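# Have a look at this prediction, sequence included:
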Amino acid sequence: MELLPHIEVETNLNPKASVIWLHGLGANGHDFEPIVPELRLPSDAAVRFIFPHAPAIPVTINNGMSMPAWFDILEMNLDRQVDKLQLRKSAMYTSQFIENEVSRGIPSELIVLAGFSQGGAVVLETALSYPKKLAGLLAMSTYFATKDSIQLSDQNKQIPVELHHGLSDPMVPISLAHITDETLKQSNYNVNMKTYPMEHSVCPQQVRDIGQWLTTVLEL
């Protein structure tokens, strides 16, 4: 199994848990690499963070220019018309990282999927359809692009879902986060939505909240 190019950061030797974290459109795995020490995890926590690099593909809303992307965005509107085949291909890539971590001795129930913007859309699809129990799902500044077509997995019906969004996000309107929240709650998912006074980004309070949430769901 050949994985996408990626970065790995381990907080201590012999990791006992893993976090697979997908970046947004036009970025790469280095985008969130500096966040690891800012999470302020317990000093003895042994966690492997994996930051994959999306492949470069033409993106329609950027005049067809190639850039790192998990899927093509066909038009910018509230419905977010996207290439769902490409999104599911990226979900498959993400599943390969999960399986690789399992092969390295990390139980699937100690693996968290996290994603920002496009990456968030991919981890929503991946985690909620994955056939083995996962530790948690963190979706930031994103939208549920496959909500009408996803095949939900019974194994992750109880997965803790953390949704974060900026109150003044000009790229992904907060209304899309509310739609994700409502859609998941209608299916009885355990969803916690938090908003922050920011645009399409992350902020210090959010980073602290993520660190506390990871500490809880991974039992660090």
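Done, it's in.
# in this protein, what spans have low per-residue confidence?
78-80 (pLDDT under 70).
# Helices along that one, start to end?
Along the chain, the segments classed as helices by DSSP state H run 35-38, 84-103, 118-129, 174-186, 204-217.
# For residue 76, find the nearest of those helices.
For residue 76, the closest of the helices of the chain is helix 174-186, at 11.7 Å, according to C-beta to C-beta. Glycine gets a C-beta too; all of them are placed from N, C-alpha and C.
# Report the buried residues of the closest one.
176, 177, 180, 181, 183, 184 (16 or more other C-beta atoms under 10 Å).
# what angle separates it from helix 118-129?
With axes from the mean of the first three to the mean of the last three C-alpha atoms, to 10 degrees as the basis, helix 174-186 and helix 118-129 are set at 10 degrees to each other.
# and helix 174-186, what does it pack onto?
Judged by 3 or more C-beta pairs under 8 Å, 6 or more residues apart in numbering; DSSP states H and E, helix 174-186 is in contact with strand 160-166, strand 190-196.
# Could you tell me how far that helix lies from the centre of the chain?
16 Å (C-alpha atoms, centre = their mean, to the nearest Å).
# swap in stretch 163-180?
Per C-alpha atoms, centre = their mean, the displacement of stretch 163-180 from the mean C-alpha position of its chain is 15 Å.
# With stretch 123-142 instead?
With C-alpha atoms, centre = their mean, you get 7 Å for stretch 123-142.
# Quick one: residues contacting the residue of the chain most remote from its centre.
In the chain, counting by C-alpha atoms, centre = their mean, residue 63 sits farthest out from the average C-alpha position, at 26.0 Å. With C-beta atoms under 8 Å, 6 or more residues apart in numbering as the criterion, no residue contacts residue 63.
# Ramachandran angles for it?
With angles defined as degrees, to the nearest 10, residue 63 sits at phi 60, psi 30.
# what's around residue 173, how many residues?
15 (other C-beta atoms under 10 Å).
# what does residue 144 give?
With other C-beta under 10 Å as criterion, residue 144 counts 23.
# Could you check how far it is from residue 128?
9 Å (C-beta to C-beta, to the nearest Å).
# now residue 93
16 Å.
# swap in residue 67?
Counting by C-beta to C-beta, the gap from residue 67 to residue 128 is 27 Å.
# Touching, residue 56 and residue 69? I think so.
Yes. Under the criterion of C-beta atoms under 8 Å, residue 56 makes contact with residue 69 at 7.4 Å.
# neighbour-wise, which of these two wins?
Ranked by neighbour count (other C-beta under 10 Å), residue 56 and residue 69 place residue 69 first, with 22 against 13.
# if we can go back for a sec, would CSV of the helices and strands packed on helix 174-186 with mean neighbour count be doable?
Below are the helices and strands packed on helix 174-186 laid out as CSV (neighbours: other C-beta atoms under 10 Å):
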stretch, mean neighbour count
strand 160-166, 22
strand 190-196, 16
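# Any chance of CSV for the ones you listed, columns distance to residue 7?
Formatted as CSV, the helices and strands packed on helix 174-186 follow (distance: least, C-beta to C-beta, whole Å):
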stretch, distance to residue 7
strand 160-166, 22
strand 190-196, 25
